[in-house]
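*Asks:* any chance you can model this:
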Amino acid sequence: TTRLCLEAFLQHCQELPDRARLLDFGAGTGVLALGALAAGGKEKKISAWAVESDLDALSQCRKNVRLNRRKIACAPTLPKGKFDFVFANVLAPVLLRFRSDLVLRLGPGGLLVLSGILAEEAAAFAREFAGDEVFLVETRKEGDWAAIVWRRA
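*Replies:* As a prediction, the model looks like this:
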């Protein structure tokens, strides 16, 4: 799921504005935010936020940010404001529970990459997640897992 998310970022990062804002929701150790900054952070001047509710994982995320000498705001709750790119690599029920929060944080034309979805359930998940605010860009699958990319209208 992590690889699917980073591949989606690499495919779409050239579409981001020069001063993009990135959100890694359910960041765990922060690997997606760190990977995105390593891949496109210098060219795009990406500002990143990592949100993780598990305090042990949040502590590890902060440690990884320090070790990698990156500027990523790590917090246990969603920040305010709009983002140009949002990762959410958590299980499907959590994605559905936080759907409105994730979509509300996405700026116009912004991209939302959802993963942690079983490949066999991807189509049903996409139908349930869909709405007027976002439209489906692509579905990526690898093995048992899927990542779905959405764009804010």
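
*Asks:* residue boundaries of the helices in this structure?
*Replies:* Taking DSSP state H, the helices of the chain run over residues 2-12, 31-44, 55-67, 92-97, 99-105, 122-129.

*Asks:* just want the angle from the first one to helix 31-44.
*Replies:* With axes from the mean of the first three to the mean of the last three CA atoms, to 10 degrees as the basis, helix 2-12 and helix 31-44 are set at 20 degrees to each other.

*Asks:* any idea of the mean pLDDT in helix 2-12?
*Replies:* For helix 2-12, mean pLDDT rounds to 96.

*Asks:* can you check the longest one too?
*Replies:* When the per-residue pLDDT values of helix 31-44 are averaged, the result is 85.

*Asks:* flag every buried residue along that helix.
*Replies:* Within helix 31-44, the residues that qualify as buried by neighbour count (16 or more other CB atoms under 10 Å) are 31-37, 40-41, 44. Any C-beta I mention is one placed from the backbone N, CA and C, and that applies to glycine too.

*Asks:* and Glu7, how many neighbours?
*Replies:* Residues near Glu7, counting by other CB atoms under 10 Å, number 14.

*Asks:* contacting residues for it?
*Replies:* Contact criterion CB atoms under 8 Å, 6 or more residues apart in numbering gives 140, 147 as the residues in contact with Glu7.

*Asks:* from Ile117, how far off is the most centrally placed residue in the chain?
*Replies:* What sits nearest the mean C-alpha location of the chain, by CA atoms, centre = their mean, is Phe87, with 0.4 Å. Taking CB to CB, to the nearest Å as the criterion, Phe87 is separated from Ile117 by 13 Å.
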